[in-house]
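Novice: Okay, here's the prediction I keep looking at, along with the sequence it came from:
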Amino acid sequence: MRIIVAGTPMVGHLNPLLSIATLLMARGHGVTGHTASAHRHRFARIGADFHPFAGPLDQDLSDLDTVYPELKTLEDGPEKLRYLFRHAFIERLGAQSLSLQGLLNQQPADLILCDNLFLGTYPMLLGRRQDRPAVVHCGVTPLFTTRDDGAPSGIGLPPAVNDEDRTQYRMIRQMVGREFSHPIQQAFDQQLEALGCAPPAMTLNDASVSLPDLYLQPTVAAFEYPRAEPPASLRFVGALPLPQADTPLPGWAPDVDEAAQVVLVTQGTLSNHDLGQLIGPTIEALRDRPDVLLVVTTGGRPIEAVPGPIGPNVRLAEFLPFDWLMPRIALLVTNGGYGTVNDALSHGVPLVVAGAAEDKSEVGARVTWSGVGIGLRTDTPDVPELRRAIAKVLDQSQYRAAAQRMAQDFRRQDVEAEVPRLLETLG
C-alpha cells in the first residue's frame, strides 16, 4: 500500500503516527509524511518519504505560546480553550484539505492516516466513499464521543453513579455547550460550508470517530469510560511502540538501578514553558525523601530552567529513553500527556497526574476512576498536595496493583501485528 501520514505539527500528535508508520514500513508498505517542514527529520529517521504542508500551513505548532502570543493574555478556561481550538485546529481545516488533496493529485494513495485533531480529511469523509482513499484516524486524546451519562467531555467528570449525577451532568452539559461546544461546532460547520460541504449530522467529537473507516485508540478499554454502543469504527489497540530516537543513556544511569525507589516527573514537550508548575514543586515535595531518586526530564527545555535548589536525590536530563526508564520506576508524576500516561500504564506504573488544561483533566479523571493513581485536577499543585499524593501512591499498594492489572490488558494486545493488519484490510 501507499500511505500518507498527515499529522498536526506537534510532537505528541506525530509520535503515535510515526510509530504506526514504522510498523507499516516493516511490512513493506510505502509511507509519505505530510506535516510542517520542521518535522521532516522525524520521518527521515524512520526512512519515510516526506512532503511538507503547502503555503502558510507549513508552520510548526510545537510552541503554541510563540505561534499564538494572545494565549498568554487569556486566563485558563473556556475562552482560552475556544481560542486555541479555533486557531490551532478548526481554522486550518480548509488549508489542510487543500494541501492533502494537492499531495494526492501528485501521489495517489491507498490510505490516509492522521491524528484525530488533523481536520483536513473531513471534506473527503463527507463525500462519496468511492472518490477517496481509506481514512484512518488515530486518537491522541481520551475519547470525547457522546457519553451515556450525558456528561460533557473536556472537564474531567467521572461516570455518573446515580440519577442525581446524571441530572447534574445534563445541566453542566448545557453550560459547557454555551461556553465552548456550540461555538466550536458552529466554527467547524462554517469551515465545511465554505468548502461546499454539508456538515455532518453529529458533533465534531462524534464525527472524528464515526466518519473514518477506522479509528485507532492507543490504549485499552479498561482506561476508557464504557459506552453501551461504541462506534463501529473504534478499535482499542494498546500502547504503540515508542518512535525511534537517538537519546543516549545519561551518565547517572547506574544510579537508577541502585535506587530503592525511582520517581519520574515530566511536563512533556508542550506544556513545559514554566517548569515551576509541576517539576519544581515535585523536587521540593521529595526533598526529604532520601529513599526516593527523583528523575526529571524537561522535554527539551534547558536544564537551567528547572527551578532550584536541586537536592542530592535529583537527576536531570532534557530527554531520556523511556523504553529504558519506564520499567525501572515506581511512580510517574506528570501533567497528563496521553501518550506518556499510556506508556506508563503499559509497564504497570501508577501515576500522580496534575493537569487541567487541554485534555489533561480528562486524563487525570480516568487515572482516578480506574484506580491506577491520583488526578489532582490542577496545572499548579502546591508542595503539600504533591507530597501527600506521591506518598499515598508509593505507600499504598492498591495503586500499583491496579496499574499492574491494566498492564496485563496492554500485554494482551499484539500491537505490532494487529495495527498493520487492521490497516491492510482497508487498503
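Specialist: Everything's here; your move.

Novice: Domain-wise, how is the chain divided?
Specialist: 2-236, 253-411 (automatic domain parsing).

Novice: Go through those domains and name the closest to residue 420.
Specialist: domain 2-236 (5.2 Å; Cβ to Cβ). The C-beta positions use only the backbone N, C-alpha and C, and glycine is treated the same way.

Novice: ok now the closest one, how far from the chain's centre?
Specialist: Here the centre of domain 2-236 is set off from its chain's centre by 11 Å, with Cα atoms, centre = their mean, to the nearest Å.

Novice: Show me the helices in the stretch 151-300 of the chain, by range?
Specialist: 163-176, 182-194, 204-210, 253-258, 279-285 (DSSP state H, counting those that start in this stretch).

Novice: Run the angle between the second one and helix 163-176 for me.
Specialist: Computed with axes from the mean of the first three to the mean of the last three Cα atoms, to 10 degrees, the direction of helix 182-194 lies at 50 degrees from that of helix 163-176.

Novice: Not counting helix 182-194 itself, show me its contacts.
Specialist: 82, 85-86, 90-91, 93-94, 119, 122-123, 126, 198-199, 203-204 (Cβ atoms under 8 Å, 6 or more residues apart in numbering).

Novice: Go through stretch 2-14 and flag the buried ones.
Specialist: 3, 4, 5, 6, 7, 8, 9, 10, 11, 12, 13, 14 (16 or more other Cβ atoms under 10 Å).

Novice: So which of those residues is the closest to residue 161?
Specialist: Relative to residue 161, the closest of those is residue 12; by Cβ to Cβ it sits at 31.9 Å.

Novice: pretty sure that closest one contacts residue 270?
Specialist: Yes. If you go by Cβ atoms under 8 Å, residue 12 and residue 270 touch, sitting 6.1 Å apart.

Novice: Could you turn the buried ones of the contacts of helix 182-194 into a ChimeraX selection?
Specialist: To isolate the buried ones among those in ChimeraX, judged by 16+ other Cβ under 10 Å, type:
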select :82,85,86,90,93,94,119,122,123,126,199,203,204
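
Novice: Counting only helices, which of the contacts of helix 182-194 make the cut?
Specialist: Among those, the ones falling in helices (DSSP state H) are 82, 85, 86, 93, 94, 122, 123, 204.

Novice: In space, what's closest to the last one - neighbours in sequence excluded?
Specialist: The shortest distance from residue 204 to any residue that is not its chain neighbour, by Cβ to Cβ, 6 or more residues apart in numbering, is 4.9 Å, and that residue is residue 188.

Novice: so how far is residue 58 from the one you found?
Specialist: Computed as Cβ to Cβ, to the nearest Å, the residue 188 to residue 58 distance reads 23 Å.

Novice: between these two, who's got more neighbours?
Specialist: More crowded of residue 188 and residue 58, by other Cβ atoms under 10 Å: residue 188, with 23 against 15.

Novice: mind listing what residue 26 touches?
Specialist: Neighbouring residues of residue 26 by Cβ under 8 Å, 6+ apart: residue 420.

Novice: if I look at it, how far off is residue 422?
Specialist: 15 Å.

Novice: Tell me which of the domains of the chain sits nearest to residue 418.
Specialist: That would be, of these and by Cβ to Cβ, domain 2-236, which comes in at 8.3 Å.

Novice: first to last residue in the closest one, what's the distance?
Specialist: 24 Å (Cα to Cα, to the nearest Å).

Novice: hang on, the earlier thing: tell me the one of the contacts of helix 182-194 nearest residue 164?
Specialist: Among these, residue 203 lies closest to residue 164 (Cβ to Cβ), at 25.3 Å.
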